[in-house]
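> below: sequence and its predicted model.
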Amino acid sequence: MTAAPASVNYAVFALSELAGDDYTDLREAVQERLQAFECERSPHLEEFARVSVRKYEEHGHSRTYVLVCPDGEDAIDVPAFFTVGMTSLDLTAVSSNLRKRLNGNISMEHTGAYTIAELARSDRYTSEQLPGSVILDEAKEIVRQSRELIAGRFLVVDAQEAVFSALYEPAGFKRIGTAKSPQSMQDKAFITACAKISDW
């Protein structure tokens, strides 16, 4: 009988948190691991980790958080990352019943919202070692903290249909429309979904 793989023991860091001189070695190690990030099922996520993450971070468009774990005695690895930011939520196309459930007693057709722009687990790790729900919970916690400071009602994701069904729908996200596929994944159908932060 094969033993189940051990779960990953990790810590979460914001890339912006690693910018100071106190984190030079860790920052360089994280950058090195991101540049080698493997995510064959999503060329978009792989390209983001390897090429685009620094550009979006410096621009201020979003904030990326890395899960960091030991890799041997002296090295580290990045088994997963997620990126959060802001977006605009259009509720005009959803049914009136769903809009009422989402809006509550203040009706809005357009509003600002938080978004998980990227969320990925490295191919070096299995879903048993690091479930997608664990990564999602870490992202939700960052959004919860932000909501405490500046308010906000919704968290929005664009996801492949299969990822929505397996990860986001069980977490309470509601389908609200279709989304444009990333250029490297034009053959995949993407949807937009949202959740009320207060429901967590």
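Okay, I see it. All values reported here derive from a predicted model rather than from experimental measurement.

> kindly state the pLDDT recorded for the residue lying closest to R121 once chain neighbours are set aside?
What sits nearest to R121 in space, not counting adjacent residues and going by C-beta to C-beta, 6 or more residues apart in numbering, is A80, at 4.5 Å. C-beta coordinates here come from the backbone N, C-alpha and C atoms, glycine included. Per-residue pLDDT puts A80 at 98.

> and for A3?
53.

> and the helix or strand containing S133, what does it pack against?
For S133, the host element (DSSP states H and E) is helix 132-150. Under the contact criterion of 3 or more C-beta pairs under 8 Å, 6 or more residues apart in numbering; DSSP states H and E, helix 132-150 touches strand 62-71, strand 75-90, strand 110-121.

> turn those strands into TSV, columns for mean neighbour count.
TSV is the format used below for the helices and strands packed on helix 132-150 (neighbours: other C-beta atoms under 10 Å):
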stretch	mean neighbour count
strand 62-71	20
strand 75-90	20
strand 110-121	21
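
> so which of these comes closest to H44?
H44 lies closest, by C-beta to C-beta, to one member of those: strand 110-121, at 8.2 Å.

> now stretch 126-143 - C-alpha only, CSV.
C-alpha atoms of stretch 126-143 as CSV (Å, rounded to 0.1, in the frame of the first residue of the first chain):
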residue,chain,number,x,y,z
THR,A,126,-0.4,17.2,-6.2
SER,A,127,-3.9,18.2,-5.2
GLU,A,128,-3.5,15.9,-2.2
GLN,A,129,-0.3,17.7,-1.0
LEU,A,130,-1.8,21.1,-1.6
PRO,A,131,-5.6,21.3,-2.5
GLY,A,132,-6.8,24.1,-4.6
SER,A,133,-9.3,25.0,-1.8
VAL,A,134,-6.3,25.7,0.5
ILE,A,135,-4.8,28.2,-2.0
LEU,A,136,-8.3,29.7,-2.5
ASP,A,137,-8.7,30.1,1.3
GLU,A,138,-5.5,32.0,1.5
ALA,A,139,-6.6,34.4,-1.2
LYS,A,140,-10.0,34.8,0.5
GLU,A,141,-8.2,35.7,3.7
ILE,A,142,-6.3,38.6,2.0
VAL,A,143,-9.6,39.8,0.5
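
> tell me which residues in it are buried?
129-130, 132, 134-136, 138-140, 142-143 (16 or more other C-beta atoms under 10 Å).

> quick revisit: ok, residues contacting the helix holding S133?
12, 63, 65, 67, 80, 82, 84, 114, 116, 119, 121, 152, 155, 163, 166-168, 170-171, 197, 200 (C-beta atoms under 8 Å, 6 or more residues apart in numbering).

> and the angle from it to strand 75-90?
If you take axes from the mean of the first three to the mean of the last three C-alpha atoms, to 10 degrees, helix 132-150 sits at 60 degrees to strand 75-90.
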